[in-house]
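Peer 1: Here is the input, now give the coordinates:
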Amino acid sequence: MIIYTNSRYDLNGRKRKSRKVKGEPCVKYVPPKFQEYKPQSSISAERAAEAKRYASCVAAPAKARGDSKESPRYTGDFVIGIATLHKSNAVPVTNKKYATEISQMIS
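Peer 2: Numbering: from 1, shown residues only. Reported below is the predicted structural model:
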């Protein structure tokens, strides 16, 4: 049995009454009248006038401004040099004994 559904008829085949919409009907939107913008006393303009103006720090050196950083350098005396142990593996050398061991491993 095939039942064709239609919103105008119920399952027994009787025609349904159309329901009236309750509430107020929709009214067409009417935009408000155009009003020209009239600026009032601007708080931001008053605050900008009160603000103090500071001179820029052009005369200060770069280190005082914090613009540049000194490059890191080793200043101790513990490490004698740097050796290559395997491929591009850089190893710090602390005494002559380690330097000879590393050179013998390569050959």
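Peer 1: any chance you could map the strands in this protein?
Peer 2: Taking DSSP state E, the strands of the chain run over residues 81-84, 90-93.
Peer 1: Please render the ones you listed as TSV that adds mean neighbour count to the earlier fields.
Peer 2: Placement of C-beta: from N, CA and C, glycine included. Below are the strands of the chain laid out as TSV (neighbours: other Cβ atoms under 10 Å):
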stretch	mean neighbour count
strand 81-84	12
strand 90-93	13
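Peer 1: in this structure, which segments are predicted with low confidence?
Peer 2: 1-5, 41, 55-68, 106-107 (pLDDT under 70).
Peer 1: what about the helices in it?
Peer 2: 43-50, 62-65, 96-106 (DSSP state H).
Peer 1: Which of those has the highest mean neighbour count?
Peer 2: Mean neighbour count (mean count of other Cβ atoms under 10 Å) peaks for helix 96-106 among the helices of the chain, with a mean of 11.
Peer 1: Residues contacting it, please?
Peer 2: Ile80, Gly81, Ala83, Thr84, Leu85, Val91, Val93 (Cβ atoms under 8 Å, 6 or more residues apart in numbering).
Peer 1: Show the contacting residues for the first one.
Peer 2: Each residue near Ile80 by Cβ under 8 Å, 6+ apart is listed here: Val93, Thr94, Asn95, Lys96, Ala99.
Peer 1: Pretty sure the first one sits against Gly81.
Peer 2: Right, Val93. Yes - applying Cβ atoms under 8 Å, one finds Val93 in contact with Gly81, separated by 4.9 Å.
Peer 1: returning to what we had before: just the contacts of Ile80 now: which is nearest Glu50?
Peer 2: Distance to Glu50, by Cβ to Cβ, is smallest for Thr94 among those, at 63.7 Å.
Peer 1: pretty sure the closest one contacts Asp77?
Peer 2: No - counting by Cβ under 8 Å, Thr94 does not reach Asp77; the two are 10.2 Å apart.
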